[in-house]
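Colleague: what follows is a protein structure lacking sequence information:
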């Protein structure tokens, strides 16, 4: 895999950050410079609240082929990353006190978005096949919203099965509920092509699709998008001017050129290969260096892997000691709500995307030492 | 005033948009290109939620000299423009149902920010000396927040007097209330230096200062900042990751260079001169072309002027007809709350910053025709 002039500085095993050392910054810089040479005074003024029109069109084309979502450019709303999109969607769809299903364990950002919207969170258990929809219906059939990660359950991994996808959509349609699909790492899959998005199966206009360019481009860009049903386009776009307008126009324009020039698809193909290597390096290193202490899940979780600690150690304590040694790991217990019973088995969430195989291996060596020494 | 390669396309008399035809886009482009040549992988990753540290430092220095605000870089929080800042501050400081003072008439964005936060709006009248603080205390001494535009009352113009500033701060300190200072066009004043910000007088840590780079740089940049008291820094910064992280890092870095390289101060000096010319051109044109129909306020309102219609015409109707003729005017009645009594005298809000004097004159000629024909 080709060289880059960027050197990686992320610590192993940071999650949520892609292989920034391999981002084609020269291409981005060239497109940005070209765009600036042709900028007009109009381009410096306020833009459409739903986002830069050509970008919305490029994304509508992209999600059709990459995620099986058929939508118009009007349905695409540009946001400042997935977290902004989740918070925005939760605020739009929920009144304070409304019940909302949340996967247990779940993405931290989804939890904070629901808390910010004043929702009453209903934790719904997950297993190897994703969220247990039947259990959700049993616990709170009248919930207004379900926030789910169908591509890769976050953080445990595993894809939501087709029967459960259909059951989830049926529940939402029958109860007038909304499904917020957080398509975290939906473009990545360790084997084969990614399964199409849940949104692509939605015939009842009840799915709000949330995606970010943080994992596919770079986090500092702060761009993401929603795909919303026709029925709520006006409501979503109309409130954008209240909550702070559109993201910066120039970045949207350069990203449009990046997608239109096929650089995005090329970068994704290259990253799928790189993440395959990095994920394999992590699994190999864990098997060699700490197979007794840490059992990595076999489930595909996109750009990270979850490992169960075989000791009764506090995963928070291990994360603290690891941080002192320059290793960044997420304690699995922090992905659960407060007071979950039974107490979840301790574990670690380990990202493999941000650093190269040599640093994955040396990082795993340090982590193995930390676990053994902390015991 | 020097040439630019950007041609203005805004319609007269657009408000909220600066002289984009005179923005030094070449300088911005050069700084952006230089920044990109030296970008690191770290710069592509997530940045600090409060904003890019060097920008926060540059702004702390800038507001000290330009607005009389003494603050640390920690107190500066980068946001995505004033509207984002207002919404964010209102959400942080208000619980649904809390009372909030709002100037009557007021900035539309301030009103929608309070509505979004679920506030109970208490309209407080304004006169030539700004918001009537004594009346606010009489109406709702227990309000939790007051949103004010001390530099230039928005939209009527006029600066909040020193006695009222002190009374407002005294009320807030005594009642544990917050003052949100929307410093719209605070860096512009048609004669002399702008008065220092209210925030600079605050000794009780009760002012949240909101400023935007939309009027001083360009709206498509989507950058602004808050200055918050020490006591709430952690709360504000801590929630940033929930509501969608920091604005894009590269834009923040280029803006830092723009400020540090003295381009910002130079641009502001030049724009003060330009807006002096454009404001004078508008007043002259109105006096010559429609002095019977439209009485412009003598009060300094930053980048716009408010004119009272001397007929009993609906200002909304005039704005509609004007729009069909390519003229953008804000009906003054829309800046009031629903059901205001007595019904406000009809008027128009006319921006003079976005277009050059010849287009101001031709626009005023068209507007005069519209008013006469609509009568």
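Modeller: Done, it's in. Treat the numbers as computed from the prediction; the structure is a model and nothing was measured. Numbers count the residues shown, from 1 in each chain, chains lettered A, B, ... in the order given.
Colleague: how far away is the residue in the stretch 51-200 of chain A that chain B sits nearest to from residue B:221?
Modeller: Relative to chain B, the nearest point of the stretch 51-200 of chain A is residue A:84 (2.8 Å; Cβ to the nearest Cβ). Where you see a C-beta, it was placed from the backbone N, CA and C, and this is true even at glycine. The gap separating residue A:84 from residue B:221 is 17 Å, by Cβ to Cβ, to the nearest Å.
Colleague: try residue A:355
Modeller: On the measure of Cβ to Cβ, residue A:355 and residue B:221 end up 33 Å apart.
Colleague: start to end distance for stretch A:309-322?
Modeller: 14 Å (Cα to Cα, to the nearest Å).
Colleague: same thing with stretch A:220-235?
Modeller: Using Cα to Cα, the two ends of stretch A:220-235 sit 28 Å apart.
Colleague: buried residues in that stretch?
Modeller: Residues A:220, A:221, A:222, A:223, A:224, A:225, A:226, A:227, A:228, A:229, A:232, A:233 are the ones in stretch A:220-235 that count as buried (16 or more other Cβ atoms under 10 Å in any protein chain shown).
Colleague: which ones are touching the first one?
Modeller: With contacts taken as Cβ atoms under 8 Å, 6 or more residues apart in numbering or on different chains, residue A:220 has the following neighbours: B:43, B:44, B:45, B:46, B:47, B:248, B:249, B:250.
Colleague: quick revisit: need the pLDDT of the residue of the stretch 51-200 of chain A closest to chain B.
Modeller: Among the per-residue scores, residue A:84 shows a pLDDT of 93.
Colleague: next one: residue A:1
Modeller: 36.
Colleague: report whether the helix or strand containing residue A:42 contacts chain B.
Modeller: Element membership for residue A:42, per DSSP states H and E: helix A:41-44. Yes. Using Cβ under 8 Å from any Cβ of the partner chain, helix A:41-44 reaches chain B at A:41, A:42, A:43, A:44.
Colleague: okay, now the second one: neighbour count?
Modeller: Neighbour count of residue A:42, defined by other Cβ atoms under 10 Å in any protein chain shown: 16.
Colleague: now it. Nearest residue, chain neighbours left out?
Modeller: residue B:9 (4.6 Å; Cβ to Cβ, 6 or more residues apart in numbering or on different chains).
Colleague: number of nearby residues for the one you found?
Modeller: 14.
Colleague: contact partners for it?
Modeller: A:40, A:41, A:42.
Colleague: would you mind measuring from the residue of the stretch 251-375 of chain A found nearest chain B to residue A:218?
Modeller: When distances are taken as Cβ to the nearest Cβ, the stretch 251-375 of chain A reaches nearest to chain B at residue A:251, 5.7 Å away. Applying Cβ to Cβ, the value for residue A:251 to residue A:218 is 11 Å.
Colleague: which residues in the stretch 201-350 of chain A form strands?
Modeller: Secondary structure of the stretch 201-350 of chain A by DSSP state E, counting those that start in this stretch: the strands cover A:207-212, A:224-227, A:294-296, A:304-309, A:330-331, A:347-351.
Colleague: can you check the stretch 1-150 of chain A too?
Modeller: A:76-79, A:99-104, A:120-127, A:130-131, A:145-148.
Colleague: which among the buried residues of stretch A:220-235 gets closest to chain B?
Modeller: residue A:220 (3.8 Å).
Colleague: state the distance from the closest one to residue B:245.
Modeller: 9 Å.
Colleague: over to residue A:312?
Modeller: 36 Å.
Colleague: same check on residue A:337?
Modeller: 23 Å.
Colleague: quick one, which of the two is more surrounded?
Modeller: Taking other Cβ under 10 Å, residue A:337 and residue B:245 do not tie; residue B:245 has more neighbours (22 against 12).
Colleague: so for the more buried one, what pLDDT did the model give?
Modeller: 77.
Colleague: how about it, what does it touch?
Modeller: Here residue B:245 is in contact with A:80, A:81, A:83, A:84, A:219, A:222, B:46, B:49 (criterion: Cβ under 8 Å, 6+ apart).
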